[in-house]
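Peer 1: this is a predicted model, with the sequence first.
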Amino acid sequence: MASRWMPLRWADFITPSTLHLAPLLELLLEPINGTAQLGTLQLGLQEVLVNAVRHGNGNDPRKCLRVRRILTPRWLVFQVQDEGSGLPPQGRAALCPMRRMPAAAAVCF
């Protein structure tokens, strides 16, 4: 039986910027319940969301978080956006020390 190709689609979630994250986490992780990595994924995603609320949006509930999720049989990607101004270039360099290495030696996103 030939497999049907299905286009990948991002699921998009937009929510007020608050630390009441349990319902959002449950919704985001719903398709992957039962996997051995669920606890690790939940903890990592919660940390990213808390940082977006606190540091990106300054705990301002009038601002929003946007989370996009794509799930395939082989990988899972979350994209989290806040309304903050981002890090200045020198701050980004300090967080990614591997950028000081030759380009052939390391890649840092």
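Peer 2: Ah, there it is.
Peer 1: give me the below-cutoff pLDDT ranges for the protein.
Peer 2: 1-7, 97-109 (pLDDT under 70).
Peer 1: longest helix of it?
Peer 2: Taking residue count as the measure and DSSP state H as the definition, the longest helix of the chain comes out as helix 38-51.
Peer 1: which SSE is immediately downstream of that one?
Peer 2: Following the chain from helix 38-51 toward its C-terminal end, the next helix or strand by DSSP states H and E is strand 64-71.
Peer 1: neighbouring strands of that next one in the sheet, and parallel or not?
Peer 2: On the basis of DSSP bridges, the sheet neighbours of strand 64-71 come out as strand 11-16 (antiparallel), strand 76-81 (antiparallel).
Peer 1: how distant is the first one from the center of its chain?
Peer 2: Which is strand 11-16. A distance of 12 Å separates the C-alpha centroid of strand 11-16 from that of its chain, computed with CA atoms, centre = their mean, to the nearest Å.
Peer 1: so which bits of it are buried?
Peer 2: Taking 16 or more other CB atoms under 10 Å as the basis for neighbour counts, the residues of strand 11-16 that come out buried are residue 15. Just so you know, the C-beta spots here come from the backbone N, C-alpha and C atoms, and that holds for glycine as well.
Peer 1: what's the helix or strand following that strand packed up against?
Peer 2: The helix or strand immediately downstream of strand 11-16 is helix 22-29, counting by DSSP H and E. Contacts defined by 3 or more CB pairs under 8 Å, 6 or more residues apart in numbering; DSSP states H and E place helix 22-29 against strand 11-16, helix 38-51, strand 64-71.
Peer 1: ok, which of these comes nearest residue 93?
Peer 2: helix 38-51 (18.7 Å; CB to CB).
Peer 1: how about that closest one: buried residues?
Peer 2: Of the residues in helix 38-51, those buried by neighbour count under the rule 16+ other CB under 10 Å are 41, 42, 45, 46, 48, 49.
Peer 1: repeat that for stretch 82-89.
Peer 2: In terms of neighbour count (16+ other CB under 10 Å), stretch 82-89 has its buried residues at 82, 84.
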